[in-house]
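**Q** everything below, folded, please.
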Amino acid sequence: MNNLQALIENYLKYCSTQKRLDEKTLKAYRIDLRQFSEQTSAFDIADITPEVLEAYIGELHKKYKPKTVKRKIASLKALVHYLEYKEIILQNPFNKIQVRFREPVILPKTIPLHTVETLLTTIYRQRSNAKTDYQKRNALRDAAVAELLFATGMRISELCTLKNADVNLYDGTILIHGKGDKERRIQIGNDAVLHVLKEYRKDFDMEIQNCNHFFANQSGKALSDQSVRRMINKYSSLAAIDLHITPHMFRHTFATSLLEADVDIRYIQEMLGHSSINITEIYTHVALAKQKNILSTKHPRNNFHF
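**A** Below you'll find the predicted structure:
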């Protein structure tokens, strides 16, 4: 059976059951592979030739940014590697072409620490000034969400899928289920953060038990990533913060702050759940930018006058 569409479906099933990839990754694979099948009119596996691949990649470069092209090629390469592994094809057509291209280095966007403090202060102030119990409880949960994002550097997807059992507030550890179903455990190192998490769990106990997720709304349903994004936008607006803050920027700020505080990059890699230290090293570019600013303004040589 060499029908390409059938082989794609078999491959996606393999990714789900054998490789245990998450739904987000499977969705990206499905979109990328369907696009290849439709745009190249490839019906049979024999239609995937080096010439077809080169033409398709050329079209991708015309339509998408390098990062997106890289992902789409990776999806296609993974399929072809699977077909080779299953001995459905004897030769990998990617071996006959060169797909190297330079991807621009985009530095992670961070939040200035004084802005993080302003945002957190605004959330706590909203809780203190809340006129209704509903508003007060929402602000408590929002404080717990923002504090945990900043305290752990976890991804928004990891935060929203946290189960109640993953959060141990007695020893202050969080079990995070990361990409590729990889687990890591991270310690909460701040008493104020632990305190607000304990307050939140006590106040939202019924809602948490109802959905079995650690973060829930007042209807007893798991908090969505869109809800978290709206929450951050709301408090940014209230605090008159002139910066578009996303949940992932807390992760960048967490990593960069630790690096600037001379924490070993291997520890940061482990805390972020990066599969390769090469991924973590992107933060060294940000730290170097900070170094340049420090050394150009604080180095004693600047005070020498001849």
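**Q** okay, now residue 252: neighbour count?
**A** Neighbour count of residue 252, defined by other CB atoms under 10 Å: 20. In this view, the C-beta of every residue, glycine as well, is placed from N, C-alpha and C.
**Q** list the contacts for it?
**A** Taking CB atoms under 8 Å, 6 or more residues apart in numbering as the criterion, residue 252 is in contact with 108-111, 283, 286.
**Q** including neighbour count, distance to residue 303 and secondary structure, could those residues go into TSV?
**A** Converted to TSV, those look like this (neighbours: other CB atoms under 10 Å; distance: CB to CB, whole Å; DSSP: H, G, I helix; E, B strand; the rest coil):
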residue	neighbour count	distance to residue 303	secondary structure
108	15	33	coil
109	14	33	coil
110	20	29	coil
111	23	32	coil
283	24	31	helix
286	19	27	helix
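**Q** determine which two of the residues you listed are furthest apart.
**A** The widest separation within the contacts of residue 252, taken as CB to CB, falls between 111 and 283 and amounts to 13.9 Å.
**Q** hang on, the earlier thing: between the contacts of residue 252, which is closest to residue 132?
**A** Residue 132 has its nearest neighbour among the contacts of residue 252 in residue 111, at 29.7 Å by CB to CB.
**Q** my guess is the closest one meets residue 243, correct?
**A** Yes: assessed by CB atoms under 8 Å, residue 111 is found in contact with residue 243 at 7.0 Å.
**Q** would you map the helices across the chain?
**A** Ranges of helices in the chain, per DSSP state H, are 4-17, 23-40, 50-63, 66-85, 113-129, 133-152, 156-160, 191-203, 205-211, 225-238, 247-260, 265-272, 277-280, 282-298.
**Q** for those, give me TSV that also has distance to residue 219 and mean pLDDT.
**A** Below are the helices of the chain laid out as TSV (distance: least, CB to CB, whole Å; pLDDT from 0 to 100):
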stretch	distance to residue 219	mean pLDDT
helix 4-17	30	90
helix 23-40	23	89
helix 50-63	41	90
helix 66-85	35	91
helix 113-129	20	96
helix 133-152	11	96
helix 156-160	15	95
helix 191-203	15	96
helix 205-211	8	95
helix 225-238	11	96
helix 247-260	21	93
helix 265-272	32	91
helix 277-280	37	86
helix 282-298	38	74
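**Q** and the gap between residue 214 and residue 148?
**A** 9 Å (CB to CB, to the nearest Å).
**Q** what do you get for residue 185?
**A** For residue 185, the distance to residue 148 - CB to CB - is 14 Å.
**Q** of those two, give the one with the bigger neighbour count.
**A** Set residue 185 next to residue 148 and count neighbours by other CB under 10 Å: residue 148 wins out with 24 against 12.
**Q** separation between the more buried one and residue 161?
**A** Applying CB to CB, the value for residue 148 to residue 161 is 13 Å.
**Q** just residue 79 next, same as before
**A** 27 Å.
**Q** who's more crowded, these two?
**A** residue 79 (21 against 17).
**Q** show the contacting residues for that one.
**A** Here residue 79 is in contact with 7-8, 11, 29, 33 (CB under 8 Å, 6+ apart).
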